[in-house]
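**Q** give me coordinates for this.
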Amino acid sequence: MNTLGLIQTFCKVVQCGNFTAAAKELNISAAAVSKQISLLEEELGISLLQRTTRQVSLTEIGAHYYHEVQDVLLALDKANGIVAAAKEEPVGVLRVKSARYFMEQFIIPRLPAYRESYPKVSLDLQIAEHIPHLLEEDLDIVFGLSASVASNSIRKKITSTRYVVCASPHYIQTHGRPNYPADLAKHHYITHTMRTPNDVWSFASGEQVYLKPVIYLNDAQAMVECAMRSLGVVIAHHYQVANALACGDLLELLEHHRMPQIPIFMYYHPGRYMQPKVKTWIDFMGSAWPIEL
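**A** This is a model prediction of the structure:
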């Protein structure tokens, strides 16, 4: 019995949330996926998943088992990476996830040169607002600011940014300009639904300000658009508002209370660095970034 294959199928089901989606990813039937899970459960003598008509969820012991087998799959990836490195030529599908800004401003412009150098690498490029879990989503590379990508991922700093408090000239004219962080509590606040928490900010001085959002959005660019339309104050990464600040559509607030620099990393799968497709991407895309965004 191919226990390792059964484990890989089990992990794919957990990541996809149901048998049908996992079957599509694995290019087999949903019935085959269900059979493999049953075989694994029979071999272990435990129930790993709770099944419903629409989705599956982990049992308590299934959750512990899923966590532990990640090390097994990571070891397999490392071994495969050594084999792939021996082949020298970069080939295969490279899965990269990034925020829209990095994708549009830095990754896509460099793709023609990368594709010309490594034509046998197929690229699966994904744009996302959230910072994904590198291992659970089976990604090779992630660009982001959060260490939640994976506790055992490898990261390379590529640049840095800072949060900027800003609002439109018309909003400031109507509602006044805050002089201190505490003044923000009196203003209309636009926030991102994925921020945790999304109603409190800490400044370089250590001062914390609690805010009551009037608009929640799950898209950073949409937040900026709302601020430009004078709907409130927004706190965004500098690179997200740089153009609006440069042309006067937004004005920076609390310039004397600026927030500290935040490093931006390129994270990569620890078991795949030796694979030529991953190593060449890191070398190619990990340089020539501006010092600060």
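
**Q** return the distance of the longest helix seen in the chain from the chain's centre.
**A** Taking residue count as the measure and DSSP state H as the definition, the longest helix of the chain comes out as helix 60-87. Using Cα atoms, centre = their mean, to the nearest Å, the distance from the centre of helix 60-87 to the centre of the chain it belongs to is 21 Å.

**Q** and it, which residues are buried?
**A** Within helix 60-87, the residues scored as buried using 16 or more other Cβ atoms under 10 Å are Gly62, Tyr65, Tyr66, Val69, Leu73, Leu74, Asp77, Lys78, Gly81, Ala84. Where you see a C-beta, it was placed from the backbone N, CA and C, and this is true even at glycine.

**Q** by pLDDT, rank those and give me the bottom one.
**A** Lowest model confidence among those falls on Ala84, which carries 60.

**Q** which stretches of this structure have low pLDDT?
**A** For the chain, residues meeting the criterion pLDDT under 70 lie at 1, 53-54, 81-87, 130-136, 146-152.

**Q** for it, which segments are assigned as helices?
**A** In the chain, helices defined by DSSP H lie at 3-16, 19-26, 30-44, 60-87, 100-102, 111-117, 169-175, 220-228, 238-247, 276-285, listed in chain order.

**Q** now distance to Gln208 too, for those helices, in TSV please.
**A** Output for these, formatted as TSV (distance: least, Cβ to Cβ, whole Å):
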stretch	distance to Gln208
helix 3-16	36
helix 19-26	41
helix 30-44	47
helix 60-87	34
helix 100-102	27
helix 111-117	42
helix 169-175	22
helix 220-228	21
helix 238-247	21
helix 276-285	36
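
**Q** any idea which of the ones you listed gets closest to Ser202?
**A** With respect to Ser202, and counting by Cβ to Cβ, the nearest of these is helix 238-247 at 17.1 Å.
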